[in-house]
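# model the following, please.
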Amino acid sequence: MRTDSGTPGTASGTASTTMRAVVQDAYGEADVLRLERIDRPTIGDDEVLVRVQAAGVDQGLWHIMAGLPYPIRLAGYGFRAPKTRVRGRELAGRVEAVGSGVTTLRPGDEVFGIGEGTFAEYAVASPDRLVRTPAGLSSTRAAALGVSALTALQAVRDQAQVQAGERVLVIGASGGVGTFAVQLAKAFGAEVTGVASGSKLEVVRSIGADHVVDHRSEDVTAGGVRYDVVLDTGGNTPLRRLRRILTPNGRLVIVGAETGGRWLGGLGRQLRAMLLNPFTGQRLGSFIASENAADLAVLAGFVAAGQVTPVVDRTFALDEVPEAMRYLRAGRATGKVVVEVDEARRP
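Got it, this is the predicted structure:
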């Protein structure tokens, strides 16, 4: 790796070559995670080394940690055990060093986006998955943007193609993706209804939802309202009931679901929706989010304009990552859970 001057050396310019990181050597629940001191990562010519200040926690991390559903393992994460030991992907921090081929970022830049192994003091990232952090945005909130906000942006803008004046229903509106989807749909001029549980409805309302529905006391699919767009970011409402509340030309985007199945997990509805899509006037489907700096820059613009504010429910220290994963999996979070890697920044 290189120092700030571009000469070979340690990332920090000191003799230290180790760091604290959360690692795992076997698939399983949160108890497979542990804090260790390991070697700092090295970077290639087209990579960036980031001193991590904060790292976001998202549902996708659980799937990688647990190795479930099983196709996750076949997708390159390791069949019997994880190929990479350090978990975490969303990050915010400061560029420590850049490879010789990197021209868009320089050491000292404050950045957010997506890296690899971000539950650590240092992480490697590609410059095409990082952007500069907007002025005034804390590292804690910036770390919440990466995966979840990108997913919400592409669901609202690209998959659903939300237009001003349309009625949009966000199921799972209090979750990591859902809180961003509500705000982005409002930014595109939609009339937004958010579905969440009673204790979280006020937060959904506070981020711009025009209407809120408590799913514990009301079945939104049983009402007479039809929506131009339904964004399903959580739960497992049957496809036929979701179609019932769509307009004849409405769009359904299934962003996520958690069934606990070991083979398909929550993918069953997505597959059925895509198979049915060619035979109906409604547009039904799902997608895999594209991780790219261009869309991260779009999100930074929404944040700078005050149209999007990351909702952070709770922060955890680096040695509390297992607890953070349990908290997220228990469904207790409203918005995002963030790990404060730089303990000096913790309140």
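# strands of the stretch 1-150 of the chain, residue ranges please.
Taking DSSP state E, counting those that start in this stretch to define them, one finds strands in the stretch 1-150 of the chain at 18-23, 34-39, 48-57, 90-98, 110-114, 122-125, 130-132.
# and the shortest one, how far from the chain's centre?
What it means is strand 130-132. Remark: strand 130-132 is offset 16 Å from the chain centroid, using C-alpha atoms, centre = their mean, to the nearest Å.
# now for it, which elements pack on it?
Counting contacts by 3 or more C-beta pairs under 8 Å, 6 or more residues apart in numbering; DSSP states H and E, strand 130-132 is packed against strand 110-114, helix 293-304. For the C-beta atoms, the positions are set from N, CA and C on the backbone; glycine is no exception.
# what of the third one?
Other helices and strands packing on strand 48-57, by 3+ C-beta pairs under 8 Å, 6+ apart, are strand 90-98, strand 122-125, helix 139-143, helix 146-153, helix 321-329, strand 336-340.
# let me have the ones you listed in a markdown table, extended by mean pLDDT, mean neighbour count and distance to residue 50.
Shown next, in a markdown table, are the helices and strands packed on strand 48-57 (pLDDT from 0 to 100; neighbours: other C-beta atoms under 10 Å; distance: least, C-beta to C-beta, whole Å):
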| stretch | mean pLDDT | mean neighbour count | distance to residue 50 |
| --- | --- | --- | --- |
| strand 90-98 | 98 | 27 | 4 |
| strand 122-125 | 98 | 25 | 5 |
| helix 139-143 | 98 | 26 | 11 |
| helix 146-153 | 96 | 26 | 12 |
| helix 321-329 | 95 | 20 | 18 |
| strand 336-340 | 97 | 25 | 14 |
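# quick revisit: winner for burial among the helices and strands packed on strand 130-132?
With neighbours defined as mean count of other C-beta atoms under 10 Å, the helices and strands packed on strand 130-132 peak in mean count at strand 110-114, which reaches a mean of 26.
# got the contact list for that strand?
Residues outside strand 110-114 that contact it (C-beta atoms under 8 Å, 6 or more residues apart in numbering): 48, 50, 89-95, 105, 125, 129-133, 137, 139, 142-143, 145-147, 150, 291, 293, 296, 300.
# okay, the angle between it and strand 48-57?
Orientation of strand 110-114 against strand 48-57 (axes from the mean of the first three to the mean of the last three C-alpha atoms, to 10 degrees) gives an angle of 60 degrees.
# who does strand 110-114 pair up with?
Using DSSP bridges, the strands paired with strand 110-114 in its sheet are strand 90-98 (antiparallel), strand 130-132 (antiparallel).
# and the angle for it with helix 146-153?
Going by the same axes, to 10 degrees, strand 110-114 makes 70 degrees with helix 146-153.
# just the pLDDT for residue 272.
Note for residue 272: predicted pLDDT of 80.
# which non-adjacent residue is nearest it?
Excluding its sequence neighbours, the residue lying closest to residue 272 (C-beta to C-beta, 6 or more residues apart in numbering) is residue 239, at 5.6 Å.
# go on, residue 126?
residue 47 (6.3 Å).
# contact partners for the one you found?
98-99, 102, 124-127.
# now do 10 Å
Residues in contact with residue 47 (C-beta atoms under 10 Å, 6 or more residues apart in numbering) are 1, 41, 97-99, 101-102, 115-116, 124-127.
# kindly export the helix or strand that contains residue 203 (C-alpha atoms) in CSV.
Applying DSSP states H and E as the criterion places residue 203 in helix 201-206. Taking Å, rounded to 0.1, in the frame of the first residue of the first chain, the C-alpha atoms of helix 201-206 are listed here in CSV:
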residue,chain,number,x,y,z
LEU,A,201,-45.8,5.3,13.0
GLU,A,202,-44.8,8.7,14.3
VAL,A,203,-41.3,8.4,12.8
VAL,A,204,-42.8,7.4,9.5
ARG,A,205,-45.1,10.4,9.6
SER,A,206,-42.2,12.7,10.7
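# ramachandran angles for residue 212?
Backbone dihedrals for residue 212, given as degrees, to the nearest 10, come out at phi -130, psi 150.
# so what's it scoring on pLDDT?
Per-residue pLDDT puts residue 212 at 97.
# what does residue 73 give?
We have a pLDDT of 65 for residue 73.
# in CSV, list the strands of the stretch 1-150 of the chain along with distance to residue 183.
Below are the strands of the stretch 1-150 of the chain laid out as CSV (distance: least, C-beta to C-beta, whole Å):
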stretch, distance to residue 183
strand 18-23, 30
strand 34-39, 34
strand 48-57, 16
strand 90-98, 17
strand 110-114, 17
strand 122-125, 25
strand 130-132, 18
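# that concludes my questions; thank you for your assistance.
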